[in-house]
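# 3D, please:
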Amino acid sequence: MGTVTILVLHGPNLNLLGLREPGIYGSVTLDEINRLLEQEGQTLDCKVFTLQSNHEGVLVDAIQNAFGQHQGILMNAGAYTHTSVAIRDAIAAVNLPTVEVHLSNIYRREAFRHHSYIAPVAIGQISGFGAESYRLGLHALVHHLRQKSGGE
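A predicted model of the protein is given here:
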């Protein structure tokens, strides 16, 4: 299969991790999460590319540009999870295996957060484990890709 490359996308307000509502999102910063994912990627023999944006169109463009460059997407769309048909459609269009992750358990929060537009086009969803959600999601995605290619 060669080197697996994963695009990690972080949605709006995730650049404020460590400052933003630490009781919900924890004290870990986005830079720390990205470093964790890069280190975990080395352990899994895969390359991780990260991008954070507060802008829906930037995230859509990144998903579209992932086609032919990455084998999978790990995404925390933040609030766009619950509102963005455009992100959902971009994931469906490129048809890359995508794992949706959330720091908090979205089903234990406000009712409007219980619906995900991304979940129906993702191969799976992990939420509620803080920064560990990202690590678990990366493992699940890489495992899925290697199973699919017969590489494990």
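
# next, the buried residues of the longest helix that the chain contains.
Looking across the chain with DSSP state H, the single longest helix is helix 132-149. For helix 132-149, a neighbour-count test (16 or more other C-beta atoms under 10 Å) marks 132-138, 140-142, 144-146 as buried. For glycine as for every other residue, the C-beta is placed from the backbone atoms N, C-alpha and C.

# in a markdown table, list those along with distance to L17 and pLDDT.
Shown next, in a markdown table, are the buried residues of helix 132-149 (distance: C-beta to C-beta, whole Å; pLDDT from 0 to 100):
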| residue | distance to L17 | pLDDT |
| --- | --- | --- |
| E132 | 14 | 95 |
| S133 | 12 | 96 |
| Y134 | 11 | 97 |
| R135 | 15 | 97 |
| L136 | 17 | 98 |
| G137 | 16 | 98 |
| L138 | 17 | 98 |
| A140 | 21 | 98 |
| L141 | 21 | 98 |
| V142 | 23 | 98 |
| H144 | 26 | 97 |
| L145 | 27 | 97 |
| R146 | 29 | 94 |
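
# by mean pLDDT, point me to the weakest helix or strand of the chain.
Using mean pLDDT, DSSP states H and E, helix 22-25 stands out as the lowest-scoring helix or strand of the chain, at a mean of 64.

# which residue packs closest to L136, ignoring adjacent ones?
Using C-beta to C-beta, 6 or more residues apart in numbering and skipping residues adjacent in sequence, the residue nearest L136 is I126, 5.1 Å away.
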